[in-house]
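Engineer: need coordinates for the following:
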Amino acid sequence: MTVSCPDCKSVFRVDPAKVPATGVRARCSVCGGVIAIGGGTLPVSVTPASSSAAVAPFGNGQSRLTPIATTPATAPLPQTASVMTPPAPATVPAAYQPAGASTATSTATFTPATTTPLSSPATATPALGKRPINPFLRADPAQRARRLARALVSDLVAYHPQKRDEGLRDGTLRQLFREEIKKSYEEYVEQVGRDVAEHSPYFQEALNEILAGGRRLF
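Structural biologist: Reported below is the predicted structural model:
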């Protein structure tokens, strides 16, 4: 049991087996004050515990007590800070864990699926020996043939302006543009078809209106 000094408030631990049945008066070893201790509950012959202070009688039937600590009883006892235990990591369901991973404590690692780049659409490759479709051929057959003829002849004027002026001045336009007209007509036939080229006046009209400047030279 423990007793405290009424004067200095020092706390002492006393073995009840050492206290006589009639009680005892002990003197505080800190301040010298007198502490009255009630009668014990065990016979005196019981051997006290090694950790308990013995109540040794001294003059006038008093005993001297050794304090447990010199700190007064009113001083608050140090409190042990509670250690916060971090929560256990959440267990990932087995359905989301990779093969071979532990389902108890390990965290599953999710590997993003490899994104396969979409293959670019195959570029249309023109057939060998065929020319790409001319944009002038998208309209009505007759209209597109006329537009193509005027475009081909306009290119002759744009590429050879000095030769055209010389041919108009000297009257040698047909001779000077013989090769150029032949190549343009072959392209015209290839684009619109020979039947349309031979049974329509579009190419000849373009030569007279554009290359010859409105003169009927072709």
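Engineer: burial count for the residue lying closest to Y185 once chain neighbours are set aside?
Structural biologist: Sequence neighbours aside, F203 is the residue nearest to Y185 in space, at 6.2 Å (criterion: Cβ to Cβ, 6 or more residues apart in numbering). All C-beta spots, glycine's among them, are computed from the backbone N, C-alpha and C. Using other Cβ atoms under 10 Å, F203 has 24 neighbouring residues.
Engineer: pull the residues that contact the strand or helix carrying F203.
Structural biologist: F203 is located in helix 202-206, with elements delineated by DSSP states H and E. Contacts with helix 202-206, where a contact means Cβ atoms under 8 Å, 6 or more residues apart in numbering, come from A145, R146, L148, A149, R150, L152, V153, S154, Y185, Y188, A197, F218.
Engineer: need the pLDDT of the closest residue to the second one other than its chain neighbours.
Structural biologist: Just to be clear, that refers to R146. Leaving aside its sequence neighbours, R146 sits nearest to Y202 (Cβ to Cβ, 6+ apart; 4.3 Å). pLDDT for Y202: 94.
Engineer: could you do P16 as well?
Structural biologist: Looking at P16, its pLDDT is 80.
Engineer: could you number the chain from 54 rather than 1 from now on?
Structural biologist: Fine by me, first position is 54 from now on; the one you just mentioned is P69.
Engineer: distance of it relative to M54?
Structural biologist: As judged by Cβ to Cβ, to the nearest Å, P69 and M54 stand 6 Å apart.
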